[in-house]
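>>> got a predicted structure here, sequence first:
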Amino acid sequence: MKCVPFAVTLALAAGLASQAAHAQTLKTVKDRGILSCGVSPGLPGFATPDDKGNWTGIDVDVCRGIAAAIFDDPSKVKFVPLSAKDRFTALQSGEIDVLSRNTTWTLSRDTQLGEFTGVTYYDGQGFLVKKSLKVNSALELNSASVCVQTGTTTEQNLADYFKGNNMKYEVIAFAGADETVKAYESGRCDVFTSDVSQLYAERLKLANPADHVVLPEVISKEPLGPMVRHGDDQWFGIVKWVLFAMVNAEELGVTQKNADEMAKSDKPDLKRAFGTDGNLGEQLGLTKDWFGRIVKAVGNYGEAYERNVGIGSKLQIARGLNRLWNKGGIQYAPPMR
Amino acid sequence: MSSETRAPPPQYVFRLKRALGGRSGWNGVAVQAAFAVVLIWVGYEIVGNARANLAVQHISSGFGFLNNTAGFDVSQTLIPYSGSDTYIRVFLVGLLNTLLVSVIGIIFATMIGFIVALGRLSPNWLMSRIAGAYVEAVRNVPLLFQMLFWYLAVLGALPGPRQSISLFNSFFLSNRGLIIPRPIVEAGLLPVSLAILGGIIGSLLLGHYARRQLFEQGRAIRTWPYVLGLLFGLPVVAALVFGAPVSFEVPVLKGFNFAGGTRVIPEFVALEVALSIYTAAFIAEIVRAGILSVHRGQTEAGLSLGLSRGMVLRMIVVPQALRVILPPLTNQYLNLTKNSSLAVAIGYPDLVSVFAGTTLSQTGQAIEIIAITMGVYLLLSLVTSAGMSLYGLRLNRSLGT
């Protein structure tokens, strides 16, 4: 395990030393015949492999959407599981083409590490505690021990929050999510802190999920989204618009099931989307039918949400902020015209 | 008849030619120079390409980031540290934590290793089997598993802070670690420390004197009562005269955790125990091999001189065995230091965890940070080997070889 950062760095040095200065990621992906996508090693709802090695999750669906847009085949994705601390290095070194791994969009990451293309999931940081502690608010956590995963925005938010509220705490940082949860479960920490969606997901793995409660406070903004390398505008556009296509599909009422029917529609916005009118897909460097390919492969944004994290899934997280803009949420995609 | 002898060409020219070109002389020098040029060129290309690509990806390079504010906290710091300090401070905190674990681990591993080796060589059947079982069991299980075992299975099973096991109501053992009273400096600290220092120097001088007496006059002096008096009596007298050197702040349970007192965190204990026990198994085998390498005749000679078994071991066997033991022992010390980087798996804030982990992912300066970290481990290893080599030289000199 300890070799990973070194290996990745060697790969980074080698990759950086060999890559052409202006990376043509789309061409590279097409030549390779498969998309390489960095995901979480196992976070229910976002990216998790089943016993046959099939990946599911909302982050996974974004990757599949990109593969569908390029190859018309959502299975042409190689999923690369990455720990929080290795993810950016893997992206920079060219080991993966896109990072879709519940990664928070921040200014310094956007400038220093790569380029965020959009927001897959609006999240925030919260606290998970044992019910037996009888804590009702995060403000009662003075002098608590807190378990956290290293290499995340969580560590800094945590320091800011406790400092801002004049509370003392002890932080124990682990490399992997599993070790962090184990330490919390064994009682080493009073609190496990992470993005709220992750708290719900990790709670499922605990021996007795009902004994633990997520506190009401959300102490940060955590917009999670896909990320690409700097310096390849075409690839940036493709990844950005695959997600927008999924959001727009929900707004247009196009679903995985009715996509073929809707493609025959006479409505001008549907005709533009499906490429029967205009060449939006070709402007992106894809084919005219890119929109239909994506929706038929993974469905629209709402379908992906419900299937993976929504009320119908194991996680049972309400849509909340992630509803469409015209339904009370803040998910909003620019128009396709 | 006399002939003028020509002055031979200066010796150093030959030496230089031999050193650089070996047997092939100046041709060899040319080949080596060409090889060096190619090597430098390849290195230059790699650095240049990496720089160009970093620039394209807008990844800033350089070490300026070290002066930025870290903004995260660390659970164990040997120097004062808070989230508003810089990344340099984080680096120092991590480095000191790594050093602490390594130095203490080396001491414990050496002690356990020697004891197990002696146990394995012991004529007592049970003891030698137990020592053998220890070595086989420990060295054949991956270190990471042993760490997780100690951390999750052993220390994780301790009760919570509210049910902690307490001793005299001032020492508390729980799954938050061992909490002990914290010493606070009082007026008597300086005189008492001076007294302790004086005691140590006095004992050393006494030992030296006793040795000279033994070698020169053949008189064995019993020194230990005086040494005890110097080491313990002197400080006690100083404390009685000038007042207690320290007072203790007793920890009190407050909220979730203990307030006051000093804490030994369980991550540290688990890492330390796992590293010492694991490395000790290898050291035990090295020590055993070293002792077996000393000829039996040496022991027999010592015994026939009327020395006790312990004295034979201490004064005859071990000094000779050390020559064999030292080089592989150095290896184990280096391994222990490097293995301490597994700490991140159990949440101990060592250099790899806080610097090559958190700092790296916050700043994204992978090349710089990994280079610094690798440099630090290299330096630590070189210093350790240098120290061990010096010790080896001294040992060889004292053995007269």
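Cool, got the structure.

>>> how about the nearest residue to residue B:104, chain neighbours excluded?
Closest residue to residue B:104 apart from its sequence neighbours, by CB to CB, 6 or more residues apart in numbering or on different chains: residue B:272 at 6.0 Å. Backbone N, C-alpha and C define where each C-beta goes, glycine included.

>>> what helices and strands are in contact with the helix or strand that neighbour falls within?
Element membership of residue B:272, judged by DSSP states H and E, is helix B:266-292. Secondary-structure packing of helix B:266-292 (3 or more CB pairs under 8 Å, 6 or more residues apart in numbering or on different chains; DSSP states H and E): helix B:87-121, helix B:125-139, helix B:143-148, strand B:177-180, helix B:318-339.

>>> where in chain A is pLDDT low?
A:1-23 (pLDDT under 70).

>>> would you mind writing the CA trace of the helix or strand harbouring residue A:36 as CSV?
Using DSSP H and E, residue A:36 maps to strand A:35-39. Extracted in CSV, the C-alpha atoms of strand A:35-39 (Å, rounded to 0.1, in the frame of the first residue of the first chain):
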residue,chain,number,x,y,z
LEU,A,35,-12.2,5.0,-21.8
SER,A,36,-10.1,4.9,-18.6
CYS,A,37,-12.1,6.4,-15.7
GLY,A,38,-10.9,7.0,-12.2
VAL,A,39,-13.5,6.1,-9.6
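
>>> does chain B have contacts with it?
No. If you take CB under 8 Å from any CB of the partner chain as the test, strand A:35-39 misses chain B, and the best it gets is 13.6 Å.

>>> name the helices or strands packed onto that strand?
helix A:58-71, strand A:77-81, helix A:87-92, strand A:98-99.

>>> mind putting these into TSV with distance to chain B?
As requested, the helices and strands packed on strand A:35-39 are exported to TSV (distance: least, CB to the nearest CB, whole Å):
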stretch	distance to chain B
helix A:58-71	18
strand A:77-81	16
helix A:87-92	5
strand A:98-99	12
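
>>> what's the closest of those to residue A:317?
Closest of those to residue A:317 is helix A:58-71, at 10.6 Å (criterion: CB to CB).

>>> elements contacting the closest one?
With contacts taken as 3+ CB pairs under 8 Å, 6+ apart, helix A:58-71 sits against helix A:25-32, strand A:35-39, strand A:77-81, helix A:233-252, helix A:290-298, helix A:301-308.

>>> gap between the helix holding residue B:272 and the chain center?
Mean C-alpha position of helix B:266-292 versus that of the full chain (CA atoms, centre = their mean, to the nearest Å) differs by 12 Å.

>>> now residue A:185: closest residue in space that isn't a chain neighbour?
Leaving aside its chain neighbours, residue A:185 sits nearest to residue A:206 (5.9 Å; criterion: CB to CB, 6+ apart).

>>> on that earlier part again, of the helices and strands packed on helix A:58-71, flag the one that's most buried.
Most buried of these, by mean neighbour count (mean count of other CB atoms under 10 Å in any protein chain shown): helix A:290-298, with a mean of 26.

>>> can you tell me what sits against that one?
For helix A:290-298, contacts defined as CB atoms under 8 Å, 6 or more residues apart in numbering or on different chains pick out A:61, A:64-65, A:67-69, A:72-74, A:242, A:245-246, A:249, A:254-256, A:259-260, A:263, A:273-275, A:280-281, A:284, A:287, A:304, A:336.

>>> for the stretch 151-300 of chain A, which segments are assigned as helices?
With DSSP state H, counting those that start in this stretch as the criterion, the stretch 151-300 of chain A has helices at A:154-164, A:177-185, A:196-205, A:233-252, A:259-263, A:268-274, A:280-284, A:290-298.

>>> can I get these in CSV with distance to residue B:61?
Below are the helices of the stretch 151-300 of chain A laid out as CSV (distance: least, CB to CB, whole Å):
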stretch, distance to residue B:61
helix A:154-164, 23
helix A:177-185, 30
helix A:196-205, 32
helix A:233-252, 22
helix A:259-263, 47
helix A:268-274, 43
helix A:280-284, 32
helix A:290-298, 37
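
>>> ok, residue A:173 touching residue A:149?
Yes. The pair residue A:173 / residue A:149 is scored as a contact, 7.2 Å apart, by CB atoms under 8 Å.

>>> between these two, which is the more surrounded one?
residue A:173 (28 against 25; other CB atoms under 10 Å in any protein chain shown).

>>> most centrally placed residue in the chain?
Here I'm looking at chain A. For chain A, the residue nearest the mean C-alpha position is residue A:102 (3.3 Å; CA atoms, centre = their mean).

>>> chain B, not that one
residue B:103 (2.9 Å).

>>> circling back to that earlier point, relative to chain A, how far out is the residue nearest to residue B:104?
Applying CB to the nearest CB, to the nearest Å, the value for residue B:272 to chain A is 16 Å.

>>> quick one: contacts for that residue?
Applying CB under 8 Å, 6+ apart to residue B:272 gives the contacts B:101, B:104, B:105, B:108.

>>> tally of neighbours for the first one?
Residue B:101: 25 surrounding residues under other CB under 10 Å.

>>> which residue sits closest to it, ignoring its sequence neighbours?
Spatial nearest neighbour of residue B:101, excluding adjacent residues (CB to CB, 6+ apart): residue B:340 at 4.8 Å.

>>> pretty sure that neighbour contacts residue B:268?
No. Counting by CB under 8 Å, residue B:340 stays clear of residue B:268, with 10.7 Å between them.

>>> which one's more surrounded, those two?
More neighbours surround residue B:340 than the other of residue B:340 and residue B:268, with 26 against 23 (other CB under 10 Å).

>>> quick one, what contacts that one?
B:98, B:101, B:102, B:105, B:271, B:275, B:350.

>>> quick check: closest non-adjacent residue to residue B:110.
Leaving aside its chain neighbours, residue B:110 sits nearest to residue B:283 (6.2 Å; criterion: CB to CB, 6+ apart).

>>> number of nearby residues for that neighbour?
Counted with other CB under 10 Å, the neighbours of residue B:283 add up to 27.

>>> check residue B:202 too.
Neighbour count of residue B:202, defined by other CB under 10 Å: 16.

>>> pretty sure it is in a helix, no?
Yes. Counting by DSSP: H, G, I helix; E, B strand; the rest coil, residue B:202 is part of a helix.
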